[in-house]
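Asker: what follows is a predicted protein model with its sequence.
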Amino acid sequence: MRAWTSPEVPSLSALGLGGGDAPTVLDTAAGMPRRLDGEDEARLYVCGITPYDATHLGHAATYLAFDLLQRLWLDQGRSVNYTQNVTDVDDPLLERAAATGVDWVELAERETQLFREDMTALRMLAPRHYIGAVESIDLVVDLVGRLEEAGAVYRVDDDLYFDVHADAGFGAVSGFDADRMRAVFGERGGDPDRPGKRHPLDCLLWQAERPGEPAWDTSLGRGRPGWHIECAAIALAHLGSDFDVQGGGSDLVFPHHEMSASEAVVATGERFARAYVHAGMVGYEGEKMSKSKGNLVLVSQLRRDGHDPMAIRLALLTHRYRDDWEWFGSEIAEAEARLASWRAAAARSSAPAAAPVVEALRAALTDDLDAPTALSAVDAWAASDGDDATAPALASAAVDALLGVAL
Ligand code: ZN
């Protein structure tokens, strides 16, 4: 699937500002910060959208967190293999298509295109591999075959299930106890009570054709892939095992990331990802932002209302990625004021030296992506006078490279 065009990222070392250190991020599985060091190419998988409601601010905040992470790796001089999927066939998409009378393929294409436009406007780095579920059906079939060889697959009617206890380490990503797993599994699309399953937590790998739904003829029968195996298959094919970071929103910790990791571990015998990193949930003026409440704040709507995408990006950056937070409409005006003050500071003929603010940006962001502290450092620089004629351009380049904000 076509991605979008990445913005240019200035090289700070080429500008004489040296390179950054390895970032440290909170690893959900370890329950503690983990330093993401390494010399070779960094490998990142972030779960993509199901294209029927793109792109609300919760999505944007999640992708922004992993955009910051990539910018830190690039600042170290590492290249990044970033892979993201599009769940372009799944229950919520099909339900929305049926409810609105739109063809599901058209709905998916339209919303995926809107997502690309939002990501471009927000200056998000594009994935090297942007991969749809539909185009990955062969990968899924192959991975289910490997799970069958490992004795981890069984049939309920014509559906195929993954036996989660085939992975002795099942539960390692979330750390949830059995009661919590069962409750959350039921809340987030699982089927703990389906008769015929060996264990309530076993998850669907392949769903046999249902009347009126799309299906593909494969060696597994006629049907379509489950969601967890989709991401496991795409990540393994495009990143390999033991990649650096599996990322997404915190609502994906369980079951999605837990199941994908276990499926991959059982199929390959190797660790799936080194760290699991999760962005918090975004609410709206006191409530959870959700389709059912009809209170989604869409990036495309803010853009249509005339807000500068760089102000939207700055507004998101005022929140720490791993916190849950609420969006208030007033935030965009505050971000626009900050953007104007930074742009005025960048347009000065001289300013305080850039090196200290670059150092402060790197220190904040490598410390678990502390964007709010990074913004404060730029605020302080912008509010101070200095006589360094090179500083405005250098500081602008650093704000662009590390925060992705074009001044
Ligand atoms: Zn995923």
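Answerer: Thanks, I have the structure now. What you see is a predicted model, and the numbers here were worked out from it, not measured in a lab.
Asker: so where's this structure uncertain?
Answerer: 291 (pLDDT under 70).
Asker: who in it is up against the ion?
Answerer: Residues of the chain lying close to the ion by Cβ under 5 Å from the ion are 47, 231. C-beta here means a position set from N, CA and C on the backbone, and glycine is covered the same way.
Asker: per-domain residue ranges of the chain.
Answerer: The chain breaks down into these domains under automatic domain parsing: 24-304, 334-403.
Asker: so how far is the shortest one off the chain centroid?
Answerer: Domain 334-403 sits 26 Å away from the centroid of its parent chain (Cα atoms, centre = their mean, to the nearest Å).
Asker: report how many residues lie close to Glu39.
Answerer: Counted by other Cβ atoms under 10 Å, the residues lying close to Glu39 total 8.
Asker: could we number from 17 for the rest of this?
Answerer: Okay, using 17 as the starting number, the last item reads as Glu55.
Asker: what distance do you get for it to the ion?
Answerer: 28 Å (Cβ to the ion, to the nearest Å).
Asker: same check, this time on Val102
Answerer: Applying Cβ to the ion to Val102 and the ion gives a distance of 10 Å.
Asker: now Ala367, nearest residue through space, not along the chain?
Answerer: Of all residues not flanking Ala367 in the chain, Ala407 sits nearest, at 4.0 Å (Cβ to Cβ, 6 or more residues apart in numbering).
Asker: to clarify, my last question referred to Val313.
Answerer: Using Cβ to Cβ, 6+ apart, the closest residue to Val313 is Leu73 (4.8 Å).
Asker: rewinding a little: quick one: closest of the domains of the chain to Met17.
Answerer: domain 40-320 (4.6 Å; Cβ to Cβ).
Asker: between the two ends of that closest one, how far is it?
Answerer: From its first residue to its last, domain 40-320 covers 36 Å (Cα to Cα, to the nearest Å).
Asker: again with stretch 400-417
Answerer: OK, stretch 400-417 end separation, Cα to Cα: 22 Å.
Asker: most proximal residue of the stretch 67-216 of the chain with respect to the ion?
Answerer: Asn101 (6.0 Å; Cβ to the ion).
Asker: for the ion, what's the nearest residue on the stretch 167-316 of the chain?
Answerer: Cys247 (3.1 Å).
Asker: okay, the helix or strand that Ala353 is a member of in CSV with CA atoms only?
Answerer: For Ala353, the host element (DSSP states H and E) is helix 347-362. The C-alpha trace of helix 347-362 is given here as CSV (Å, rounded to 0.1, in the frame of the first residue of the first chain):
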residue,chain,number,x,y,z
GLU,A,347,-5.7,24.3,23.5
ILE,A,348,-5.4,25.1,19.8
ALA,A,349,-5.4,28.9,20.5
GLU,A,350,-2.6,28.5,23.1
ALA,A,351,-0.6,26.4,20.6
GLU,A,352,-1.1,29.0,17.9
ALA,A,353,0.2,31.7,20.2
ARG,A,354,3.2,29.6,21.0
LEU,A,355,3.8,28.9,17.3
ALA,A,356,3.7,32.6,16.5
SER,A,357,6.2,33.4,19.3
TRP,A,358,8.6,30.7,18.1
ARG,A,359,8.3,31.9,14.5
ALA,A,360,9.0,35.4,15.5
ALA,A,361,12.0,34.2,17.5
ALA,A,362,13.3,32.2,14.5
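Asker: output the contacting helices and strands for it.
Answerer: When contacts are defined as 3 or more Cβ pairs under 8 Å, 6 or more residues apart in numbering; DSSP states H and E, helix 347-362 packs onto helix 325-333, helix 387-398, helix 407-414.
Asker: picking up where we left off before, so who does the residue of the stretch 167-316 of the chain closest to the ion touch?
Answerer: Residues near Cys247 by Cβ atoms under 8 Å, 6 or more residues apart in numbering: 61, 63, 101, 272, 276.
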